[in-house]
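Asker: this one's sequence-less:
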């Protein structure tokens, strides 16, 4: 079977999944099967087939598995958002999905020769940094986000709300890939000092800048998740570019020291750490600020799911007899806890397996790439996607301190879907170029 036909077959499977998912939700809600599930499945399949035809025409040699895996995640997210938040938010999520497809197509058309992005690397990194600080600009920041969630993540433009960091992550990866393509040899070889190869300080400038940005995000935006995501992407690209484990070790130590210092001197970060270490302590569970209520109840919810889950509609979202949330933000930050509750360990493991396959195909594209910029960019984009999944799942399962980032393509939110569709478009552009038959 040819590559594009395998892609189409995978999209048929995704359409069947969304049809079965909505059918299960309708049966749980009304006790009977509705034809609406078939309509939703047909609409989703039509959108995916449109995307497939576009890829078949513009990127005939691209990886045949990336787009179907994204479709499976997206349809899974639509079903869960409908089940958790209702038809209105599910309809909005579907609209964001369509807009994401439009941005996907636009990215492929506009950046067909994506290597030209190297010429604008400094403009891209400056724009990305400015984009990240927008949530602290007076008049744009969300009025209640600091009081409610602790971090500055969103900006408001009238009725429109989005998270700039979702787009900034792509710009920073492009900058790093371009910069290291030119200077990786100098960083890898360096010069010997006391028997050790030390890279020239002038070439370490941008690397130190990114370390400073990661620390600044912790202080200025109070966003632990984005800090981990950006810095993890930085280390992955540096390792691939230089093949030196010492950079990763030193980078991890530097990040650990910086995080420890800020965590012991900034109350907001310290409260996050304390909630992580002692989620069941009554004084933290019932605290007005820095509460561990969300983390603890998320752990209770996952435990209730067991191996096979309680089934759709069975997760406890509100405290019985009240309208108070048992799990705050169940359709965004805590959606993984709800998935584990209703589908069990096997269901959540299946979701993580899909992410692993998607990231693996991204790294595959990086391995096949024929030029350094393409290789580094695909590596960084794949790594930052993997780290984003790790940050949110690790926070919900209490592996690391909890932070509010979205689960790509699954959590409710337009910024995440649109930015990640741009990310996928860039991966497919790299893959298409790498798999294109060479002409002599």
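Answerer: Yep, that arrived. Owing to the predicted nature of the structure, the values given are computational and were not obtained by experimental measurement.
Asker: return the helix or strand in this protein with minimum mean pLDDT.
Answerer: helix 145-149 (a mean of 44; mean pLDDT, DSSP states H and E).
Asker: where in the chain is pLDDT low?
Answerer: Low-confidence segments of the chain, defined by pLDDT under 70: 31-34, 139-152, 157-160, 190-207, 210-211, 214-215, 217-219, 439-440.
Asker: which one's the longest helix in it?
Answerer: helix 335-368 (DSSP state H).
Asker: how far away from the center of its chain is it?
Answerer: For helix 335-368, the separation from the chain centroid amounts to 12 Å (computed by CA atoms, centre = their mean, to the nearest Å).
Asker: tell me the buried residues in stretch 11-25?
Answerer: Neighbour counts over stretch 11-25 (16 or more other CB atoms under 10 Å) mark 11, 14, 15, 17, 18, 19, 21, 22, 23, 24, 25 as buried. (Each C-beta comes from the backbone N, C-alpha and C, glycine too.)
Asker: what values do phi and psi take at the fourth one?
Answerer: Comment: the main-chain dihedrals of residue 17 come out as phi -70, psi -40, following degrees, to the nearest 10.
Asker: in the stretch 101-250 of the chain, which spans are helices?
Answerer: Here the stretch 101-250 of the chain has its helices, by DSSP state H, counting those that start in this stretch, at 121-132, 145-149, 165-189, 201-216, 224-242, 245-265.
Asker: same thing with the stretch 301-440 of the chain?
Answerer: Under DSSP H, counting those that start in this stretch, the stretch 301-440 of the chain gives helices at 335-368, 372-396, 414-435.
Asker: which other helices and strands contact the second one?
Answerer: This means helix 372-396. Secondary-structure packing of helix 372-396 (3 or more CB pairs under 8 Å, 6 or more residues apart in numbering; DSSP states H and E): helix 165-189, helix 224-242, helix 293-305, helix 335-368, helix 414-435.
Asker: starting at the chain centroid, how far to it?
Answerer: 8 Å.
Asker: I'd like the numbering to begin with 51 instead of 1 from here.
Answerer: That works, and once the first residue is 51, the last one we named lands at helix 422-446.
Asker: skipping adjacent residues, who's closest to residue 470 in space?
Answerer: residue 458 (4.9 Å; CB to CB, 6 or more residues apart in numbering).
Asker: pretty sure that neighbour sits against residue 466.
Answerer: Yes: applying CB atoms under 8 Å, one finds residue 458 in contact with residue 466, separated by 6.3 Å.
Asker: separation between residue 274 and residue 377?
Answerer: 20 Å (CB to CB, to the nearest Å).
Asker: more neighbours: which of the two?
Answerer: Shown here are residue 274 and residue 377; by other CB atoms under 10 Å, residue 274 has more neighbours (27 against 24).
Asker: separation between the more buried one and residue 151?
Answerer: 31 Å.
Asker: the residue nearest to residue 99 when sequence neighbours are not counted is in what secondary structure piece?
Answerer: Leaving out its chain neighbours, the residue that sits closest to residue 99 by CB to CB, 6+ apart is residue 61, at 6.5 Å. Following DSSP states H and E, one finds residue 61 within helix 53-80.
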